[in-house]
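Colleague: Provide a 3D model corresponding to the input given below.
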Amino acid sequence: MKKLVFFALIGMIGIGGLCAQSNSSAGTVEISFTYTRQSGVGSNQFAVWITDAQGNYVKTLYATRFTATGGYAKRPQSIPDWVKQSDLASLGKEQVDAFTGPTPQAGALRYRWDGTDHAGAAVPSGEYRVFLEASIRNENRVLYSALVQLGAASGPVELAPQYFGRDTKVRAMISGVTVSFQP
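Modeller: Reported below is the predicted structural model:
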């Protein structure tokens, strides 16, 4: 009898896990771009993150370590949209460590989102927005964003940049940004 109850509980846990997974989309959102390292102060900082369609923060896929570990306080113009959206100041060290890294080498970069939120829980299928923000130099920055339909194959779709700041000579840091979803 104890064995029967044990196996019934295991079966219910397994079925519960399958039900929880069925509410999420199986697949991956991928954001790809070319990164060209810039010289000078106040450059080479970027973040890639996800919000839901209403603009609520879901998850950061990557952020450069300098900004994420306190550089935003020393240099407030460093990827300010992401700093605000992620509520970076309230995150603990372990949370920040989960998505940060040193500024990468120049070249083709890819970041993938597996359809989970910042706590690792699966999110439901639907519309989400992917963001890529980069500090090019001092107050010059660029922001890319696109809606993706989690649960329906799409892309790759090339994104148009939105530039901030007046120095048009320093806009080569991020280029060729595409987003796609593969089930």
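Colleague: so which residues of this structure form strands?
Modeller: With DSSP state E as the criterion, the chain has strands at 28-35, 45-52, 57-64, 100-101, 107-113, 126-137, 140-150, 154-158, 162-164, 174-182.
Colleague: and residue 85, which of these is closest to it?
Modeller: When the strands of the chain are compared by C-beta to C-beta, strand 57-64 sits nearest residue 85, at 5.3 Å. Every C-beta, even on glycine, is put in place using the N, C-alpha and C of the backbone.
Colleague: pLDDT wise, what is the residue most central in space within the chain at?
Modeller: Per C-alpha atoms, centre = their mean, the C-alpha nearest to the average position across the chain is that of residue 49, at 2.4 Å. Looking at residue 49, its pLDDT stands at 96.
Colleague: so what's it bridging to?
Modeller: residue 60, residue 131 (DSSP bridges).
Colleague: arrange the strands of the chain in CSV, one row each, with distance to residue 93 as further columns.
Modeller: Listed next are those as CSV, based on distance: least, C-beta to C-beta, whole Å:
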stretch, distance to residue 93
strand 28-35, 26
strand 45-52, 17
strand 57-64, 14
strand 100-101, 10
strand 107-113, 22
strand 126-137, 22
strand 140-150, 26
strand 154-158, 35
strand 162-164, 30
strand 174-182, 28
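Colleague: could you tell me the least trusted of the ones you listed?
Modeller: Across the strands of the chain, the lowest-scoring stretch is strand 154-158, with a mean of 81.
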